[in-house]
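**Q** need coordinates for the following:
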Amino acid sequence: GTVTFADPNAARTTATFSTAGTYTLRLSATDSALSAADDVTIVVTAASTTNTAPDVSAGPDQTITLPASAALNGTATDDGQPHPPATVTPPWTKLTGPGTVTFTNPAAQDTMAAFSVPGTYTLRLSATDSALNNTDDVTVTVNPQPASGNLVANPGFETDTTGWKGSSGQTLTRVPTPHTGAWAAQLSNTNTGSTTCQLNDSPDSVRTTTQTTYTGSVWVKGDAAGTGSTVRLRFREYAGQTNAGSKETSVTLSTEWQQLRLTYVPSSPGSSLDLNVVRSSSPGGAVCFLVDDISIIMGSPSTTNTAPTVSAGPDQSLTLPAAATLNGTVTDDGLPIPPGATTATWTKVSGPGTVTFANPAATDTTASFSTAGTYTLRLTADDSALTTSDDLTIVVSPVSTTNTAPTVSAGADQSITLPAAATLSGTVTDDNLPAPPAAVTATWSKLTGPGTVTFADPASVDTTASFSEPGTYTLRLTADDSALTGSDDLSVVVSPQSAAGNLVDNPGFETDTAGWKGSSGTSLTRVASPHSGGWAGQLTNTNTGSTTCQLNDSPDWVRPTTQSTYTATAWVKGDAAGIGSTVRLRFREYAGQVGVGSAQASVTLSTDWQQVQLTYVPSSPGSTLDFNIIRSSTPAGAVCFLVDDVEITSS
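**A** Presented below is the predicted three-dimensional model:
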């Protein structure tokens, strides 16, 4: 048969075969005087026409402890038969077990399963290709909720926000904080108007209550705009679907962390108990509150107060004029009740000069020294009844008077494939000389390479570099302290854009939304979907008025076009409110900054997934080609559309 090479002049390329059989391919090389060759044998087997049932795996058996859910990681693969193939559907079902099982998305291979009572459960993953089906089972042993310890599965937010959710129109995100663990959660009101913000446990933290005392505790703070607002900590008890009781306590928000503590005795043991953090009348677009270190302890709370535990951090050495970065920690038992805010204070114990703390009341702060010498600093914590302290020693060396050039690292060498850009992560350090020190400037530049290099920000040590054509490039990072300069180079090998396969870096949304961005006033989020892979992208109009929603590739997927046909396909759907609206796929071609052509195709939205296809032949090969998905006249606050499995191929 015939063999078609994607690029017969490239050492690394692809070969397409017209029919089955045994082929011998030869790679030849010449340096204009001498030549050499080597052969490879490829056996091409004809496509199978016999349908086999999908191959199904429900994953390994598991053991969990309530209130945790089981993370199900199933797989269902198929041979693509019968032809044309139907979608392989993978529904999860409960086979055996003492209670009810709730699947987050029973039609997704990877999903979560929540259990109403402890026991041993058998769960089944089924798959059908419309003609044959197959199944596989997994056993989940569900242990009862422990009688002691924190009943909250995710008390802090060091990894994610799993187990917590905001009410409608609110987003919950992780934010860095000097509070314990270095991460907290921020609940924001993304509605256009004022609303009640509510952080909920998901599912209820306490499933089956006993006749005992439950003590809830949480740390909260606000931003500057939220100071003076009231935040409540609330228990709500349910017997089935009936509210069987509630209790709450409150605090006035400030920009400092404060602890709320609440005890509750269930009125109907065997009930479920949920925990909420609530703020009423939060303005549109505002931060509701920050929250951290949530706990629910079962049993009578301790009434014996112990002093806070304090660590001032390790001893340090530095050279003037540098300041010391202090990383202290303070933990407390929440007593006495009602608790006062546990305060932290940095002080100088000894040393030859003065010490200036950026914020002496913060556990994480900086300390500046007036003169060289050995200093002892103390971190003291007070819970309103008892205090504890810890010391550290800092040896401060005098200012150096000999200027040295900045120390520069351009980072490790890289290899990328067009149209990707290189991510540059450089570092620059300096001795702050000459005195008075000038700001150290950093500059990226191209040293060698066949094409042009465009830096997103050539004056930033962390930036990106885009390349006009393939080849080997040397890039240089230079730093200047106004008297001396230092530099370092890295090599970037830029491979040509593949002539086959999907040119889209992130065609689905299984991990994140990288490579895509919405137009101004829209937000792009990942949403669970029964479509392929279990996740899709959702573009929402967050403007206060109607707008044109536009999902853009970032950067342009096709950088230097070739004389070929580019075909784009995408799956789209709408919500109930968007039925009947038109969504367009659009290619736009640019030669430099000048638009030289475009093409588009459209579809009318429904609540079912539909595939849209668009083809385009560049008018100026070597140009760039960007891709958009567009819906005009989308109402304020509405879902623009959902999108998944985007593909751009060339032929």
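**Q** mind listing the strands the host helix or strand of Leu27 pairs with, and their directions?
**A** Using DSSP states H and E, the element containing Leu27 is strand 21-30. Neighbouring strands of strand 21-30 in its sheet, by DSSP bridges, are strand 35-44 (antiparallel).
**Q** so how far is the strand it pairs with off the chain centroid?
**A** Here strand 35-44 is found 45 Å from its chain centre; the criterion is C-alpha atoms, centre = their mean, to the nearest Å.
**Q** other residues contacting it?
**A** Contacts with strand 35-44, where a contact means C-beta atoms under 8 Å, 6 or more residues apart in numbering, come from 15, 17, 19-30. (Each C-beta comes from the backbone N, C-alpha and C, glycine too.)
**Q** can I get the strand holding Leu27 in CSV, CA atoms only?
**A** Extracted C-alpha coordinates of strand 21-30, given in CSV (Å, rounded to 0.1, in the frame of the first residue of the first chain):
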residue,chain,number,x,y,z
GLY,A,21,0.6,-5.5,5.5
THR,A,22,4.4,-5.5,6.3
TYR,A,23,6.3,-2.4,5.3
THR,A,24,10.0,-1.5,5.3
LEU,A,25,10.7,2.2,5.8
ARG,A,26,14.2,3.9,5.3
LEU,A,27,15.6,6.9,7.0
SER,A,28,18.5,8.5,4.9
ALA,A,29,20.8,11.3,5.9
THR,A,30,23.5,13.2,4.0
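**Q** can you list contacts of stretch 252-261?
**A** 179, 215-224, 226-231, 233, 249-251, 279, 289, 292, 332, 334, 337-339, 341-342.
**Q** just stretch 366-379 next, same as before
**A** Identification of contacts with stretch 366-379 by C-beta under 8 Å, 6+ apart yields 310-312, 320, 323-326, 328, 330, 344-358, 363, 389-399.
**Q** now stretch 551-563
**A** With C-beta under 8 Å, 6+ apart, stretch 551-563 has contacts from 418-419, 421, 466-469, 497, 499, 503-505, 515-519, 524, 537, 539, 566, 589-590, 617-618, 620-630, 640, 643, 648, 650.
**Q** drop anything exposed from those.
**A** 418-419, 421, 466-468, 497, 499, 503-504, 515-516, 518-519, 524, 537, 539, 566, 589-590, 618, 623-630, 640, 643, 648, 650 (16 or more other C-beta atoms under 10 Å).
**Q** so which of these sit within strands?
**A** 466-467, 516, 518, 524, 537, 539, 566, 589-590, 624-630, 640, 643, 648, 650 (DSSP state E).
**Q** returning to that earlier point: for PyMOL, what selects the buried ones among the contacts of stretch 252-261?
**A** Per 16+ other C-beta under 10 Å, the buried members of the contacts of stretch 252-261 correspond to this PyMOL selection:
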select buried, resi 179+215+216+217+218+219+220+221+222+226+229+231+233+251+279+289+292+332+334+339+341+342
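**Q** the contacts of stretch 252-261 in strands, which ones?
**A** Short answer: the contacts of stretch 252-261 in strands (DSSP E) are 215-221, 230-231, 233, 249-251, 279, 289, 292.
**Q** out of the residues you listed, which comes closest to Ser194?
**A** Nearest to Ser194 out of these is Arg279 (C-beta to C-beta; 10.8 Å).
**Q** assess the claim that that closest one and Thr195 are in contact.
**A** No. Contact criterion C-beta atoms under 8 Å: Arg279 and Thr195 do not qualify, at 9.6 Å.
**Q** so for stretch 536-554, what gets flagged as buried?
**A** Here stretch 536-554 shows 536-543, 547, 549-553 as buried, counting by 16+ other C-beta under 10 Å.
**Q** would TSV of the residues you listed with distance to Asp129 and pLDDT be doable?
**A** Output for those, formatted as TSV (distance: C-beta to C-beta, whole Å; pLDDT from 0 to 100):
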residue	distance to Asp129	pLDDT
Ala536	22	93
Gly537	27	94
Gln538	29	95
Leu539	32	96
Thr540	35	96
Asn541	38	95
Thr542	41	93
Asn543	44	91
Thr547	42	93
Cys549	36	95
Gln550	37	95
Leu551	32	95
Asn552	36	93
Asp553	33	90
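**Q** adding distance to Thr161, write the residues you listed out as TSV.
**A** Formatted as TSV, the buried residues of stretch 536-554 follow (distance: C-beta to C-beta, whole Å):
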residue	distance to Thr161
Ala536	20
Gly537	19
Gln538	18
Leu539	22
Thr540	19
Asn541	24
Thr542	20
Asn543	26
Thr547	29
Cys549	26
Gln550	29
Leu551	25
Asn552	27
Asp553	28
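**Q** can you classify Ala439 as helix, strand or coil?
**A** Of the three states, Ala439 takes coil under DSSP: H, G, I helix; E, B strand; the rest coil.
**Q** what about Thr582, how many residues close to it?
**A** Neighbour count of Thr582, defined by other C-beta atoms under 10 Å: 12.
**Q** hmm, it is touching Leu605, no?
**A** Yes. With contacts counted by C-beta under 8 Å, Thr582 reaches Leu605, the gap being 7.3 Å.
**Q** residues that sit against both of these two, list them.
**A** With C-beta under 8 Å, 6+ apart as the test, Thr582 and Leu605 both reach Arg631.
**Q** related to what we said a few turns ago, farthest pair in the contacts of strand 35-44?
**A** Ala20 and Thr30 (32.5 Å).
**Q** neighbour-wise, which of these two wins?
**A** Between Ala20 and Thr30, Ala20 has the larger neighbour count (other C-beta under 10 Å), namely 12 against 9.
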